[in-house]
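Q: Any chance you could fold what I've pasted below:
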Amino acid sequence: MTHLPTSSTPPTGPGLPTLPAVPAQPAPAQATQQPQAPHGGTEPQPRRTAFAEGLDRLRAAAITEPGRLRIIGALLALLVVAFGAVTAWQMTDRAAAADDVLTSSQPLSSDAADIYRSLADANTAASSGFLAGGQETAASRDRYEKDIRTAAEKLVNAAANSDPDSPSAATIAKLNRLLPEYKGLVERARTYNRQGFPVGGAYLRYANEKMQEQMLPAAEDLYTKENQRLRADYADATPYPWAAIALGIAALAALAWAQHRNYQRTNRVLNQGLVAATATATVVLLWLVIGHSVARAGLSDSYEHGVRSLNVLHDARIASLKARGNENLTLVARGAETKKVGEQTYDAYDYDFRTDIDALGKQLAAAGKLADDASGENPVTAAVGNMAEWKKRHTAAREQDENGNYQQALDRVVGTGKTTGECFDSVDANLRRALAHEETEFKRAADDGRDALTGLSAGAAVLAVLGAAGAVLGIGRRLSEYR
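A: Numbering: from 1, shown residues only. As a prediction, this is how the structure comes out:
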């Protein structure tokens, strides 16, 4: 049996056809080995996060017109809602501050001035009654008691409207503590004076020192703090709401761009939803600008022609009260209190009287310049005339006292007829008339300013929601064309 050769080379020889050589096959490459799981399986690839997948879908949608429209609609709605929210927020703050000006801070400022005036007037009435001795009139006593009651009532009201931890609360507590101490000293002075004991004058001077050095400075400090609070409320109520205005302009610009884009792609001039959104945003923006401008004008007018005049008139009234008190104490002390200024020595109370009467003149001059109508100017002019006559009569009374004519000097100050007390009462009455007029002017202007903001916060919020809904519906109308 013939065996075929086992060689892979094809046999050759005579009579056998030549076969083509078969090329050698390369050895198969070793397969890439897959990572083995702990239990012999293939380890799974880490899965992408939902955020990454959502971002991919958003990118894919953004390259299509429906996707772009959805994004535009969402941004428009967000911008309009943000405009309405910021408008409502800023206008709520300003409306609250305007209301505080009218109903809280300005009335409290006036109450603080009344506390000062009542205390100073009570001190003046006490000294006037002391000078009258046993013949103290019922009117003088009633005036003193009324001033003390007014001061106590105003302190209670101020305490009820101040924060417990505020500086004003501490000042009010101090005045509430000092007021009964002062009353006790005055009553002792009256008792000894009626009995003819000279120690009564010492008690009255001690009461006056407590009033001048402790109570009136505390009352003035309270008045200053309440005025600062009033100015802070004005500062919160009057600034323009620039953030809301900027968002309103941005919202209108975005809506205009969206409508222009819609026109370029469809040749349709109007999209009802976008037009409605534009209209509501325009209404809110105009309401915001015009309403706040009117409110700002009213509040500014209330400050320039109300608060400034009130402050000057309060200061003038306080100066007149201090002058009257020092005039009386000049006769009570009878030269026991002196003050050295430079090389000269003066009666302390008479020197303070002249300082106060000069301050009164300056305040009245300022009040006359601030008065903007006859009703405000006439009482101030009359007070200026009363002050001039007061200074003449005071000079005459001082001449009598310095010449040793104490009773004649006393008659010219607290007697009947043409006395300095008559001039003081006229100054005080005219200042009270001027204050009442300026108070009315303030309330009118401040009320107009506050009313201009009425409903703006709620209206802006409602219209913003309607505008956002219109923008969404307008874009939805375009999206429906792709379904």
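Q: Low-confidence ranges, this protein, go.
A: The model of the chain has pLDDT under 70 over residues 1-48, 54, 58, 60-62, 132-136, 335-336, 482-483.
Q: Nearest residue to the middle of it?
A: By Cα atoms, centre = their mean, the chain has its centre lying nearest to Asp233, at 1.9 Å.
Q: my guess is that one meets Val101, correct?
A: Yes. Look at Asp233 against Val101 with Cβ atoms under 8 Å: they come within range, at 4.7 Å. C-beta here means a position set from N, CA and C on the backbone, and glycine is covered the same way.
Q: which stretch of helix or strand covers the residue nearest to Thr92 when sequence neighbours are not counted?
A: Of all residues beyond its chain neighbours, the one nearest Thr92 is Ser457 (4.6 Å), with distances taken as Cβ to Cβ, 6 or more residues apart in numbering. Taking DSSP states H and E as the definition, one finds Ser457 inside helix 456-479.
Q: go on, Asn193?
A: Assigned by DSSP H and E, Asn193 falls in helix 167-194.
Q: And for Leu360?
A: Per DSSP H and E: helix 348-370 holds Leu360.
Q: List the buried residues for the next helix or strand after that helix?
A: Moving toward the C-terminus from helix 348-370, the first helix or strand encountered (DSSP H and E) is helix 374-402. Going by neighbour count (16 or more other Cβ atoms under 10 Å), the buried part of helix 374-402 is 376-377, 379-384, 386-387, 390-391, 393-394, 397-398, 400-401.
Q: Quick one: list the elements packing against helix 374-402.
A: Contact partners of helix 374-402 among helices and strands, from 3 or more Cβ pairs under 8 Å, 6 or more residues apart in numbering; DSSP states H and E: helix 308-333, helix 348-370, helix 406-414, helix 420-451.
Q: Could you tell me the angle between it and helix 308-333?
A: 10 degrees (axes from the mean of the first three to the mean of the last three Cα atoms, to 10 degrees).
Q: Now do helix 374-402 and helix 406-414, the angle between them.
A: 170 degrees.
Q: Let me see the contact set for the nearest residue to Gly449 once chain neighbours are set aside.
A: When the adjacent residues along the chain are set aside, Gly449 lies closest to Gly298, with 2.8 Å between them (Cβ to Cβ, 6+ apart). When contacts are counted by Cβ atoms under 8 Å, 6 or more residues apart in numbering, Gly298 is found next to Ala445, Ala446, Asp447, Asp448, Gly449, Arg450, Ala452.
Q: quick revisit: with mean neighbour count and distance to Phe197 as added columns, please give the helices and strands packed on helix 374-402 in CSV.
A: Formatted as CSV, the entries for the helices and strands packed on helix 374-402 read as follows, by neighbours: other Cβ atoms under 10 Å; distance: least, Cβ to Cβ, whole Å:
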stretch, mean neighbour count, distance to Phe197
helix 308-333, 25, 14
helix 348-370, 19, 21
helix 406-414, 18, 18
helix 420-451, 20, 25
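Q: For Gly67, which of these is the nearest?
A: In terms of Cβ to Cβ, the element of the helices and strands packed on helix 374-402 nearest to Gly67 is helix 420-451, at 48.1 Å.
Q: Mind listing what's buried along the top helix by length along the chain?
A: Criterion DSSP state H: the longest helix present in the chain is helix 65-100. For helix 65-100, burial by neighbour count (16+ other Cβ under 10 Å) applies to 67, 69-70, 72-73, 76-77, 79-92, 94-98, 100.
Q: go on, stretch 146-161?
A: Neighbour counts using 16+ other Cβ under 10 Å place Asp147, Ile148, Thr150, Ala151, Ala152, Lys154, Leu155, Asn157, Ala158 of stretch 146-161 among the buried residues.
Q: ok, the fourth one - contacts?
A: Okay, so that is Ala151. Under the criterion of Cβ under 8 Å, 6+ apart, the contact partners of Ala151 comprise Asp114, Ile115, Ser118, Leu119, Ala122, Leu175, Leu179.
Q: Same list (those residues) but as CSV, adding distance to His437.
A: CSV is the format used below for the contacts of Ala151 (distance: Cβ to Cβ, whole Å):
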residue, distance to His437
Asp114, 17
Ile115, 22
Ser118, 21
Leu119, 24
Ala122, 26
Leu175, 29
Leu179, 31
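Q: Pick the one among those closest to Phe424.
A: Comparing those against Phe424 with Cβ to Cβ picks out Ala122 as the nearest, at 14.5 Å.
Q: name the element the closest one belongs to?
A: Secondary structure assigned from DSSP H and E places Ala122 in helix 106-132.
Q: Give me the angle between that helix and helix 308-333.
A: Angle, helix 106-132 to helix 308-333, by the same axes, to 10 degrees: 20 degrees.
Q: helices or strands up against helix 106-132?
A: The contact analysis (3+ Cβ pairs under 8 Å, 6+ apart) places helix 106-132 against helix 138-160, helix 167-194, helix 199-210, helix 216-237, helix 308-333, helix 406-414, helix 420-451.
Q: Go through these and name the closest to Val269.
A: Across those, the minimum distance to Val269, taken as Cβ to Cβ, is reached by helix 420-451, at 40.2 Å.
Q: tell me how far the closest one is from the chain's mean position?
A: Here the centre of mass of C-alpha atoms in helix 420-451, compared against the chain's by Cα atoms, centre = their mean, to the nearest Å, lies 24 Å away.
Q: how many degrees apart are it and helix 216-237 in direction?
A: The directions of helix 420-451 and helix 216-237 differ by 20 degrees, with the same axes, to 10 degrees as the criterion.
Q: Go ahead and confirm Asn176 touches Lys154.
A: No. At 11.1 Å, Asn176 does not count as touching Lys154 under the criterion of Cβ under 8 Å.
Q: that older thread, run through the residues that contact the residue nearest to the centre of the chain.
A: When the contact criterion is Cβ under 8 Å, 6+ apart, the partners of Asp233 are Ala97, Ala98, Asp100, Val101, Ser104, Ser105.
Q: Just put those residues in CSV and tack on distance to Leu274.
A: Supplementary listing: the contacts of Asp233 in CSV, determined by distance: Cβ to Cβ, whole Å:
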residue, distance to Leu274
Ala97, 36
Ala98, 35
Asp100, 40
Val101, 41
Ser104, 44
Ser105, 45
